[in-house]
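Give me a 3D structure for the following:
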Amino acid sequence: GVEAVPSRALLGGSDMSGIDWPGAYGAVVVTKKGKELAARQPDPIFNVITHMVRAVHSLIDGEPETIGYSETEHGFLFEPSGEDVMVSFFAGDPYEPDEYLITEEQIALEAWAEQVMGMGKRLRDIVKKVDPDLFERDEYSQSLMEFLELSGESFTSFKREKERGLR
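Residues are numbered from 1 along each chain as shown. Sure thing, here's the model as predicted:
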């Protein structure tokens, strides 16, 4: 019953007075050519985005990452595949999913990491507008900042290596 508001609209001046951080809900929307590939599954957005930002570092290091939602039986599976990421979205147990809602959509690692880092930075900026002290008083929220730094460094190194032909 709550209206969905895109993160860019929140940064652009939409009313944020009713948003409670870090417990706000949101959904990651996966689109291809303007079409949503799976129905939106709301979950505490801080948790989802923080784990996705952490996954940037893991995928650059060649490690797969599974992100389970905390309030539904949904989650993402990200698997490195050369210079790409295979993105799957599932329902059920992460090790034996009942159903794949998105199956191994191939995305260039650099483009995926750019989008995920952008989501993390938008979330950080939104929270700073609404509750600027949250990152100082909430230990879990601080992890977003730590992973933005860690994954940001990994992503910068990745891009430099790619430019130099080392990847």
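
any weak-confidence spans in this protein?
Where the chain drops to pLDDT under 70, the residues are 1-3, 17.

Could you check how many residues crowd around the residue nearest to Gly26 when sequence neighbours are not counted?
Leaving aside its sequence neighbours, Gly26 sits nearest to Ile45 (Cβ to Cβ, 6 or more residues apart in numbering; 3.1 Å). In short, each C-beta sits where N, CA and C put it, glycine included. Look at Ile45: counted by other Cβ atoms under 10 Å, it has 21 neighbours.

Could you confirm Glu104 falls within a strand?
Yes - secondary structure of Glu104 (DSSP: H, G, I helix; E, B strand; the rest coil): part of a strand.

Which strand residues bridge the residue nearest to it when sequence neighbours are not counted?
Sequence neighbours aside, Met86 is the residue nearest to Glu104 in space, at 4.4 Å (criterion: Cβ to Cβ, 6+ apart). For Met86, the beta-bridge partners are Glu79, Gln106 (DSSP bridges).

ok, now which ones touch Met86?
Neighbour list for Met86: Leu77, Phe78, Glu79, Pro80, Glu104, Glu105, Gln106 [criterion: Cβ atoms under 8 Å, 6 or more residues apart in numbering].

How about Val87?
Taking Cβ under 8 Å, 6+ apart, we find Val87 in contact with Val30, Phe76, Leu77, Phe78, Ile102, Glu104, Glu105, Gln106, Ile107, Trp112.

before we move on, what about Asp98?
Neighbouring residues of Asp98 by Cβ under 8 Å, 6+ apart: Glu73, Phe90, Ala91, Gly92.

same thing with Ser14?
So Ser14 contacts Val5 (Cβ under 8 Å, 6+ apart).

going forward can the numbers begin at 54, since that is how I track them
I'll keep to 54 as the first residue from here, and by that count the last item is Ser67.

what helix or strand is it on?
Under the criterion DSSP states H and E, no helix or strand holds Ser67.

one step back: for the residue nearest to Gly79, phi and psi?
phi -70, psi -30 (degrees, to the nearest 10).

Pull out the buried residues from stretch 124-140.
Buried residues in stretch 124-140, counting neighbours by 16 or more other Cβ atoms under 10 Å, are found at His127, Gly128, Phe129, Leu130, Phe131, Glu132, Pro133, Asp137, Val138, Val140.

quick check, nearest of the contacts of Asp151 to Glu206?
Relative to Glu206, the closest of the contacts of Asp151 is Phe143; by Cβ to Cβ it sits at 29.9 Å.
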